[in-house]
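Chemist: Just to be clear, the model below is a prediction. Sequence and coordinates:
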Amino acid sequence: MARDDGTVGTQNGAKKEDEIIQLLDEADSQISASTTTDNADTEAPKKSPSFLWGTLPVGPVLASRLYASERPTPTAVQLSAFKIITAAGSKNNKKVPTRRSNAIIASPTGTGKTLAYLLPLLATSPGGQHGEGTGGVLIVTPTIELACQIQREVDALWPPSETEDARSSLFAVGADDFNDGSASDSEDEDEDDDDTDEQASADKIPPGRVILRSIQQAPIIAGTPKMLRMLYKEAERISRFSRVDTTITREELATSRALLSNLRAIVLDEADRLLRTEAVARETAERKERKLSQRVLEEAESLALDNYTPLPPKPKKRKLIVARQTQTELLLRDLPIPSLDNVQIVCASATVGRTMRRQLMQILGATSADAAATLVVGEEDARVKSKNAEKRKSVLLPEKLQHSFCVVDIDSVGDEMLSDEQSEMSVAEKNEERMIQATIRALWNTMTSMEEAKPIIVFPGKIGVDRVQRELLARGLEDVRTLRNLDGLSPEADIQVDMLQMNDEHDWKSIPVYIIGERFARGLDLADVGYVFLLTPPSSAAGYAHMAGRTGRRGLEGMAITLVRPKNNEVQRFAAIAEALGLKFAPSLATLPDVLGEDRDHDLNSRVEIETESKVTHPWANLSESSLKRKKNSELLDYLTNYGVESESSMKADLVAAIQKLHSQD
């Protein structure tokens, strides 16, 4: 029996369970029957059942829409996730379905993790697109743009209504404000503002109620954790004070009650970013290091007392940086539900480690990481089981993604290249400006030296989105986009093109160039991106995996190029990232054109092909002999092989000598 708020009771839920199990049985029987036909019939391929997408029983409606969206078969991670997320049972009564299994989807970028959790959640909906009930599925994202991107995926499977407003089945919280440029784009907000929304003045509508009025019975809600907290806090307040607050309408009360009663699944997309796993890992490592240092100090003091020698000096105290509680944790804590055990929780990310699994275990109060959630991975990647350590490390990145780097020479920009206003800056400000100009110059020369013009994503680092956008527009690019206008030309571009009177014959002029901040890289899926430029090495290997993984998606080829400045110790940091991820730089990519020499023309009209051979930069060039000796023989051999050097001996001393000889040729 259906309830008034649009949800479906447990009887319909049990029927849905039986239907899915029956579909699975029918799929197995039909697939097995098709494989046992006579040899005469094998020449004519049989059409798969209408309710199958590949081998997944998603139902005829979803299957037809998936095929229509040019997705012929599911990926490995989608196959694995569907079986685990849809699995459910009951302890005593088979007619009463229990909560479905929690899952953590860990798969490289570009393998379809979004569809891996969306498809099973939609296929197991108790009432389908029109009977799910308001807020049945809650998707937490680090950015609003990612929520809008997930909305487009949902619209392909559950098309918007055919009414004039064409309401989507997924409501992206803050999407309208985001498009207008007035919303916060990230979940990285202070956690000390819990009561700011409650202190709103009487003549101002609380933000949570504004969101509540806009939902309009959307079965799926997505947004950043801070905005979702405001929404659920307001829904709880309306349900509690509906009899005394005369400003509450019947529609608001009905929506609030539906939100508080319908929630069946919570998705944490880019879970390690939402839970700030890196900060937690650093804090854990720091605590372990302090305990070890304290133990060593105590042993040294005890030994000094026994030998009547002076006590060793105590180390200088350092402030421990404690990872703060995240907005996501506060959201899960404040959700007005009896327990998180009553809902299904699905996490997804390309960088899932033990720290994140332990975080989820603590949040759910589980006895172990395996008991908290089942780990879902795609088994078809041969690198997972490879005996080569470098290949196993690179499993976080798309298999066809190539990597390159370029050293930026700040000295190539002299004081004479600064403007009159910049010449009056302090020494530190001048050096900073020279660094920016040299980096953008290297970006431009490297970009325009590529054999084929393809869409580009640029991560500007500390230089900033606005500065890079202005510089590229001034050099003649038409289509420079930022997070605010991912789907169209920037209005500033037309002005620049009119001023420069560009020649339409050049390919690079109209190629889209996206300039995006590092914290918005997660989950971003832009079509046909061929190159990714990182204007500075990221702070961690996980950051590099997410940014470089914006290209080379869905089995296509791509290239990630990192610009490094040796004077800022960026080469060492990038070398550590390369070692952690097992990056290998193909010779054809490592020998980039000389971007440190004379700058080319500032526009695209007189582009000159530079065919000079550049100098190869080695990531271990600044390592000392002792640092090289601490590395394994296999790592030294792989390093030499990567740069085309064959060593006759496998002794560590000979390998180190060969590497030093290689570096001396630079």
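Modeler: It's in.

Chemist: now the residue nearest the centre of the chain: how far from residue 546?
Modeler: Nearest residue to the geometric centre of the chain (CA atoms, centre = their mean): residue 522, 2.5 Å. Residue 522 sits 5 Å away from residue 546, going by CB to CB, to the nearest Å. From N, CA and C alone the C-beta is placed, and that goes for glycine too.

Chemist: and the residue nearest to the centre of the chain, how far is that from residue 537?
Modeler: From residue 522 to residue 537 the distance is 18 Å (CB to CB).

Chemist: Repeat that for residue 579.
Modeler: Distance from residue 579 to residue 537, by CB to CB: 13 Å.

Chemist: So these two - more neighbours on which side?
Modeler: For the pair residue 579 and residue 537, the greater number of neighbours falls to residue 537 (25 against 17), based on other CB atoms under 10 Å.

Chemist: ok so that one is a helix residue?
Modeler: No - assessed with DSSP: H, G, I helix; E, B strand; the rest coil, residue 537 is coil; it does not lie in a helix.

Chemist: thought it was touching residue 574?
Modeler: Yes - with contact defined as CB atoms under 8 Å, residue 537 reaches residue 574; the gap is 4.1 Å.

Chemist: Let's verify residue 627: helix, strand, or coil?
Modeler: helix.

Chemist: Around it, how many other residues sit close by?
Modeler: 12.

Chemist: What of residue 542?
Modeler: So residue 542, with other CB under 10 Å, has 24 neighbours.

Chemist: Quickly find the element holding it.
Modeler: Per DSSP states H and E: residue 542 is located in helix 541-548.

Chemist: contact partners of that helix?
Modeler: The contact list for helix 541-548, computed with CB atoms under 8 Å, 6 or more residues apart in numbering, reads 108-109, 272, 278, 350-351, 396-397, 401, 403, 459, 518, 521-522, 532, 534, 537-538, 560, 562, 576-577, 580-581.

Chemist: Tell me the buried residues within those.
Modeler: 108-109, 272, 278, 350-351, 396-397, 401, 403, 459, 518, 521-522, 532, 534, 537-538, 560, 562, 577, 581 (16 or more other CB atoms under 10 Å).

Chemist: Cross these against strands and list the overlap.
Modeler: 401, 403, 459, 532, 534, 560, 562 (DSSP state E).

Chemist: Surely the fifth one and residue 561 touch.
Modeler: Yes - with contact defined as CB under 8 Å, residue 534 and residue 561 form a contacting pair (7.2 Å).

Chemist: so the residue nearest to the centre of the chain sits right up against residue 272, yeah?
Modeler: No - at 9.1 Å, residue 522 and residue 272 do not qualify as touching, with contact defined as CB under 8 Å.

Chemist: quick one: the strands in the stretch 301-450 of the chain?
Modeler: 344-349, 374-376, 401-407 (DSSP state E, counting those that start in this stretch).

Chemist: Out of the ones you listed, which one sits most buried?
Modeler: Most buried of the strands of the stretch 301-450 of the chain by mean neighbour count (mean count of other CB atoms under 10 Å) is strand 344-349; its value is a mean of 26.

Chemist: between the biggest helix by length in the chain and helix 541-548, how big is the angle?
Modeler: Taking DSSP state H as the criterion, the chain has its longest helix at helix 277-306. Orientation check (axes from the mean of the first three to the mean of the last three CA atoms, to 10 degrees): helix 277-306 against helix 541-548 gives 160 degrees.

Chemist: Which positions within helix 277-306 qualify as buried?
Modeler: Buried, per 16+ other CB under 10 Å, within helix 277-306: 277-278, 280-281, 283.

Chemist: tell me the contacts of residue 650?
Modeler: 633, 637.

Chemist: on that earlier part again, minimum distance to residue 295: which of the strands of the stretch 301-450 of the chain has it?
Modeler: strand 374-376 (33.6 Å; CB to CB).

Chemist: Listing partners with orientation, what would you give for that closest one?
Modeler: Paired with strand 374-376 in the same sheet, following DSSP bridges, are strand 103-106 (parallel).

Chemist: next SSE after the partner strand?
Modeler: helix 113-123.

Chemist: Which residue ranges of the stretch 51-200 of the chain form strands?
Modeler: 52-53, 56-57, 103-106, 137-140, 170-172.

Chemist: Which neighbouring elements make contact with the second one?
Modeler: Think strand 56-57. helix 10-35, helix 76-85 (3 or more CB pairs under 8 Å, 6 or more residues apart in numbering; DSSP states H and E).

Chemist: and if we set it to 6 Å?
Modeler: For strand 56-57, the packing partners by 3 or more CB pairs under 6 Å, 6 or more residues apart in numbering; DSSP states H and E come out as helix 10-35.

Chemist: circling back: any chance of CSV for the strands of the stretch 301-450 of the chain, columns mean pLDDT and distance to residue 363?
Modeler: Output for those, formatted as CSV (pLDDT from 0 to 100; distance: least, CB to CB, whole Å):
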stretch, mean pLDDT, distance to residue 363
strand 344-349, 91, 9
strand 374-376, 88, 16
strand 401-407, 86, 33
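
Chemist: TSV for those, including distance to residue 301?
Modeler: Listed next are the strands of the stretch 301-450 of the chain as TSV, based on distance: least, CB to CB, whole Å:
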stretch	distance to residue 301
strand 344-349	44
strand 374-376	44
strand 401-407	47
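
Chemist: out of those, nearest to residue 124?
Modeler: Of the strands of the stretch 301-450 of the chain, nearest to residue 124 by CB to CB is strand 344-349, at 9.3 Å.

Chemist: Just name the shakiest helix or strand of this structure by mean pLDDT.
Modeler: Least confident helix or strand of the chain, by mean pLDDT, DSSP states H and E, is helix 491-500 with a mean of 41.

Chemist: ok, then the element right after that helix?
Modeler: strand 513-515.

Chemist: Run the chain-centre distance for that following strand.
Modeler: 17 Å (CA atoms, centre = their mean, to the nearest Å).

Chemist: residues making contact with that strand?
Modeler: 456-458, 465, 468-469, 477, 480-482 (CB atoms under 6 Å, 6 or more residues apart in numbering).

Chemist: and those residues, which of them are in strands?
Modeler: 456-458, 480-481.

Chemist: which one is residue 56 nearest to, not counting chain neighbours?
Modeler: residue 82 (5.2 Å; CB to CB, 6 or more residues apart in numbering).

Chemist: just residue 522 next, same as before
Modeler: residue 270 (4.3 Å).

Chemist: Please report how far that neighbour lies from residue 284.
Modeler: Residue 270 is 20 Å from residue 284, by CB to CB.

Chemist: Equivalent analysis for residue 365, please.
Modeler: 19 Å.

Chemist: For residue 425, find the nearest of the strands of the stretch 301-450 of the chain.
Modeler: strand 401-407 (25.0 Å).

Chemist: For the closest one, which helices and strands make contact with it?
Modeler: Using 3+ CB pairs under 6 Å, 6+ apart: strand 401-407 touches strand 558-564.

Chemist: Let me see the residues that make contact with the strand it packs on.
Modeler: 401-408, 439, 442, 531-535, 537, 548, 551-552, 570-571, 574.

Chemist: Paired strands for it, with orientation please.
Modeler: strand 401-407 (parallel), strand 531-534 (parallel).

Chemist: Would you format those as JSON lines with distance to residue 160 included?
Modeler: Below are these laid out as JSON lines (distance: least, CB to CB, whole Å):
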{"stretch": "strand 401-407", "distance to residue 160": "34"}
{"stretch": "strand 531-534", "distance to residue 160": "32"}
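
Chemist: and residue 451, which of those strands is closest to it?
Modeler: strand 531-534 (11.2 Å).

Chemist: and the closest one, average pLDDT?
Modeler: Averaging pLDDT along strand 531-534 yields 92.

Chemist: 50 is where my numbering starts, stick with that
Modeler: Understood, numbering begins at 50; the last thing we discussed is strand 580-583.

Chemist: okay, now residue 510: neighbour count?
Modeler: Applying other CB under 10 Å, I find that residue 510 has 17 neighbouring residues.

Chemist: Contact partners for it?
Modeler: Contacts of residue 510 (CB under 6 Å, 6+ apart): 584-585.
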